[in-house]
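# only geometry, no sequence info:
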């Protein structure tokens, strides 16, 4: 049992490496925020494409469904490895896209962002879909009977209501996304888990990993509480017939 | 005056195996109020929803103001629907918008009226239905009767040529029904062409010009209100009215 | 239907329990009188009597790689020869390099680590080493066409290395590299070099030289004579086993087996011809 405490709760190791681990945690946060926003946008676009009405739009719907199935079905780690491994060889992509170097962040950071956004975009698309389907049919009937086009009805009536419904599952998925950022370490990005492992490799002590866990929990627990509150607020509003 | 606003010719509608409308012929002259009555499952609501093509029909024709709209494209339908107002049993107000926003939204996005113009029109419509004091409220805070009146104002704000009412009082508590019927009564008096699917036989008797009795997807009997309600010819009509007027 | 499902559950449960029991049986930490049935004169203990359990980060060609149960490589064959000498079977346990010392230090996972592991003072604080059995240097590897020729040239550039290795430590502490990127597998570092994500890789010379064979676009341009020695690592205090292994290693060197293995896997010193850097 002593070994356990020595290995995981060595406060000296934690103290000495605190700033390195913290810097890496900042990378984790940046990864999560940037990918998260992109995934939210991509998810909405996918969900709307998937729901495009009319026979002419059948190929569009098909493509959207194929994309969603693909990225929900392949592990994020694989996506990370495939993208970072293949991009340098995709000649048809312009240089700035093949090996991006923006905002002072190296290409591997952006490969990570892309992988996470593409994958979580698919998850978010399904969440949006559930939200869109949960909006009562009467809403779109009323909108259409007033002469609103599909797009106008979506924009002003359906999507605003759908978004309100999906906030809890969205937040939940965001917490998952934030944890999944740790996967990009395999292509060399030093996010917080990798930083912990590097300290571990150099000091033969695992306490930096504990530190990483603590930092995560400091962010994810409040987020989880917010989700819980949103859920109960939603339930209350649904019961009152608002949502 | 007698030019038909709506004409249905040989309309059939199926939902899967269910043959819900079996050859409907109906003419609705301008300025008239037509009440559609009948038991549940007779196809009354479907009939109404086929008029503005919320439900596409399988065969037959729907003619609005002389124009065959049966196979109109989605774009064409959007224009057509500006002239047809609809009020639903479940109100279907937009819960995330205030009362005045509900009434203004389509005016601004569909009719492209300016914000001020739409607001002015909305205020006027809401005054007409007696809800001037509720402009900034949200639907959840209103009673069913109030919500339905807002729904009527919302449809009227588009300046439609005909109004469709789909059992608009069926979901209301009894004491709230009157306020809605009163608004509809006034509307009829002002000369609005109305097609009203309803259970309120009393209202039909008072307000309608013509009554249509439907059962099992067909129009069993139709004609001037006095005749159909007071002196129905068909057995089925008699039985239905007997059942309904009983209570 | 119900009955069959029940039968299935029961079978699964039995299998599970059976496996667990079997595993428990093997889990002799401290084999009190454990070494009882072996016939060698030395009295050392191993986790499993009659078997030398060896932790290794596989693959790391040409020292340890291939598929179980017949792994290949310099370390693998040397370990086999030593174990033979001691009358032991060998069992390899694949372990990532960044936790291999920690696992050894905590005890109970393996008797010894054979993983091209350099003897360093930091590591000697937590584990004990056998006599050295191989001299290796670090090397600087680049993609052909790069203008990096010496270690000084990596100043400000991105250098790749394997997590937890002396190469990584060297890159971080002894060079002016702009960024040192560590990878779980050294092969990932090589791949990153190929795609241009890193501009150089600092890694043990024999390994990098060996990799040139399968990655002709990469080239070792400089040897970094750190004079590192590989040793086998043990839990501190396991003196009896260390002594036995040292003895066996000696004999294996004496009787020519070592030279055979060296010739087969390393050949003439592949790094001999590389220009020394610094």
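Cool, got the structure. In this text, all values refer to a predicted model and were calculated from it rather than measured experimentally.
# enumerate the residues of chain C near chain A.
Residues of chain C found near chain A (CB under 8 Å from any CB of the partner chain) are C:97-99, C:101-102, C:105-106, C:122-123, C:125-126, C:158, C:160, C:163-164, C:168-169, C:179, C:181-184, C:188, C:191-192, C:195-198. Quick note: C-beta positions are derived from backbone N, CA and C, even for glycine.
# how about the contacts made by residue C:101?
A:204, C:113, C:117, C:123, C:126-127, C:164, C:233 (CB atoms under 8 Å, 6 or more residues apart in numbering or on different chains).
# wait, is it part of a helix?
Yes - per DSSP: H, G, I helix; E, B strand; the rest coil, residue C:101 lies within a helix segment.
# I'd like to know how far it sits from chain B.
Distance from residue C:101 to chain B, counting by CB to the nearest CB, to the nearest Å: 60 Å.
# in the chain, which helix or strand is least confident?
All of this is about chain A. One helix or strand of chain A scores below all others by mean pLDDT, DSSP states H and E: helix A:95-98, with a mean of 75.
# toward the C-terminus, what is the element adjacent to it?
helix A:107-134 (DSSP states H and E).
# so for that next one, mean pLDDT?
The pLDDT scores in helix A:107-134 average 94.
# so which elements touch it?
helix A:18-50, helix A:58-73, helix A:76-86, helix A:159-180 (3 or more CB pairs under 8 Å, 6 or more residues apart in numbering or on different chains; DSSP states H and E).
# same thing but at 10 Å, please
Judged by 3 or more CB pairs under 10 Å, 6 or more residues apart in numbering or on different chains; DSSP states H and E, helix A:107-134 is in contact with helix A:18-50, helix A:58-73, helix A:76-86, helix A:95-98, helix A:159-180.
# ranking those by mean pLDDT, which is last?
helix A:95-98 (a mean of 75).
# how far away from the center of its chain is that helix?
Averaging C-alpha positions (CA atoms, centre = their mean, to the nearest Å) puts helix A:95-98 23 Å from its chain's average.
# ok, and what's touching it?
With contacts defined as CB atoms under 10 Å, 6 or more residues apart in numbering or on different chains, helix A:95-98 is touched by A:86-92, A:101-102, A:107, A:110, A:114, C:195-196.
# same thing but 7 Å
A:87-88, A:90 (CB atoms under 7 Å, 6 or more residues apart in numbering or on different chains).
# tell me the buried residues in it?
residue A:98 (16 or more other CB atoms under 10 Å in any protein chain shown).
# over to stretch C:156-175?
C:157-172, C:175.
# tell me the buried residues in the helix or strand that contains residue A:231?
In this assignment (DSSP H and E), residue A:231 forms part of helix A:207-239. Using 16+ other CB under 10 Å as the burial criterion, the residues of helix A:207-239 that qualify are A:207-212, A:215-216, A:227, A:230, A:234.
# which one of these is nearest to chain B?
residue A:234 (12.8 Å; CB to the nearest CB).
# pLDDT wise, what is that closest one at?
77.
# to residue C:72, which of the helices and strands packed on helix A:107-134 lies closest?
Closest approach to residue C:72 among the helices and strands packed on helix A:107-134 (CB to CB): helix A:76-86, 25.6 Å.
# and chain B, which residues reach chain A?
Residues of chain B lying close to chain A (CB under 7 Å from any CB of the partner chain) are B:52, B:54, B:78, B:81-82, B:86, B:88, B:90, B:92, B:94-96, B:105-106, B:109-110, B:140, B:158.
# excluding its backbone neighbours, what's nearest the closest residue to chain A within chain C?
Residue nearest to chain A within chain C (CB to the nearest CB): residue C:164, separated by 3.3 Å. Nearest residue to residue C:164 in three dimensions, chain neighbours excluded: residue A:201, at 3.3 Å (CB to CB, 6 or more residues apart in numbering or on different chains).
# checking my notes, that neighbour in a strand, right?
No - per three-state DSSP, residue A:201 lies outside any strand segment and is helix.
# ok, it to residue C:57 distance?
Residue A:201 sits 12 Å away from residue C:57, going by CB to CB, to the nearest Å.
# what do you get for residue B:39?
From residue B:39 to residue C:57 the distance is 80 Å (CB to CB).
# check residue A:162 too.
In terms of CB to CB, residue A:162 sits 50 Å off from residue C:57.
# what about the two, which has more around it?
residue C:57 (25 against 22; other CB atoms under 10 Å in any protein chain shown).
# confirm for me that the more buried one is in contact with residue C:98.
No - if you go by CB atoms under 7 Å, residue C:57 and residue C:98 don't touch, sitting 8.7 Å apart.
# can you give me the helices for chain B?
B:44-51, B:74-82, B:99-109, B:115-128, B:144-156, B:174-189, B:201-207, B:225, B:235-246 (DSSP state H).
# among the ones you listed, which is the most enclosed?
Across these, averaging neighbours per residue (mean count of other CB atoms under 10 Å in any protein chain shown) puts helix B:144-156 on top, at a mean of 25.
# looking at the helices of chain B, which is closest to residue B:68?
Closest among those, using CB to CB: helix B:74-82, at 10.8 Å.
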